[in-house]
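*Asks:* The following comprises the amino acid sequence and a computationally predicted model.
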Amino acid sequence: MVKKEEKLELLISENKLKKRIKEIADEISKDYEGKKPVFISILKGGGFFLADLVREIKLDLTVDYIAASSYGSNTESSGNVHILKDLSAPVEGKDVIIVEDIIDTGYTLKAIYDILKTRKAKSIKICVLLDKPERRKVKVAVDYVGFKIPDLFVVGYGIDYAERYRNLPYIAVLKSH
Ligand code: IMP
Ligand code: MG
């Protein structure tokens, strides 16, 4: 599967992911006690994280999905975020938790946050598995973070390079040469 000119280096093992996801799930379970939050993942990458996360959460919750694309250069997103697939239900009056694989410039999450706010969600929190703080271009309040990572191009656990590597059960740094 790995092309000749590409090399993968393990960054976060399957075990470490699992352990940290359980910790975040416990934190969310506590913070939302007695509430019925809706977990919204941003496809495609965020769907993998959401699936594992909610299975560790013992709340009366629902899930929904949204897909967005941001037009920019190949490796960096821009402020032009378009919805490719919308949610299946309104979020008005709901406690929403947005679940995303990775926050980089912040454009994608900022756009989705603003859309859900316009639609009058009761509360909105953001949960990301990976955060590359050095790369941020717009301010986004992230409430739950799995791992802060340096400015490296990563793949695996839902995160792709040209649609590949999403199926890796761990996070790896992709080195091309
Ligand atoms: P943002 O709008 O720049 O924050 O972009 C977030 C999106 O960019 C993520 O959902 C990923 O699809 C993509 N992305 C950011 N960093 C990486 C990376 O290291 N590998 C693969 N995709 C990435
Ligand atoms: Mg993405």
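*Replies:* Received, thanks. Ligands and ions are numbered 1, 2, ... in the order given.

*Asks:* Run through the bridge partners of Ile171.
*Replies:* Ile12 (DSSP bridges).

*Asks:* Return the residues in contact with it.
*Replies:* 10-12, 17, 130, 147, 154-157, 159 (CB atoms under 8 Å, 6 or more residues apart in numbering). Yep, even glycine has a C-beta here, placed from its N, CA and C like the rest.

*Asks:* Same check on Arg166?
*Replies:* 44-45, 48, 155-160.

*Asks:* same check, this time on Gly45
*Replies:* So Gly45 contacts 100-102, 158-160, 166 (CB under 8 Å, 6+ apart).

*Asks:* follow-up on the earlier one: okay, and which of the contacts of Ile171 map to helices?
*Replies:* Judged by DSSP state H, helices contain the following of those: Leu17.

*Asks:* Dump the contacts of Ile171 into TSV; add distance to ligand 1 and pLDDT as well.
*Replies:* What follows is these, written out as TSV (distance: CB to the nearest ligand atom, whole Å; pLDDT from 0 to 100):
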residue	distance to ligand 1	pLDDT
Leu10	15	98
Leu11	10	98
Ile12	12	98
Leu17	15	98
Leu130	8	98
Phe147	12	98
Val154	4	97
Val155	6	97
Gly156	9	98
Tyr157	11	98
Ile159	5	96
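
*Asks:* Could you dump the contacts of Ile171 into TSV with neighbour count added?
*Replies:* Formatted as TSV, these follow (neighbours: other CB atoms under 10 Å):
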residue	neighbour count
Leu10	13
Leu11	19
Ile12	20
Leu17	20
Leu130	23
Phe147	15
Val154	22
Val155	23
Gly156	25
Tyr157	26
Ile159	23
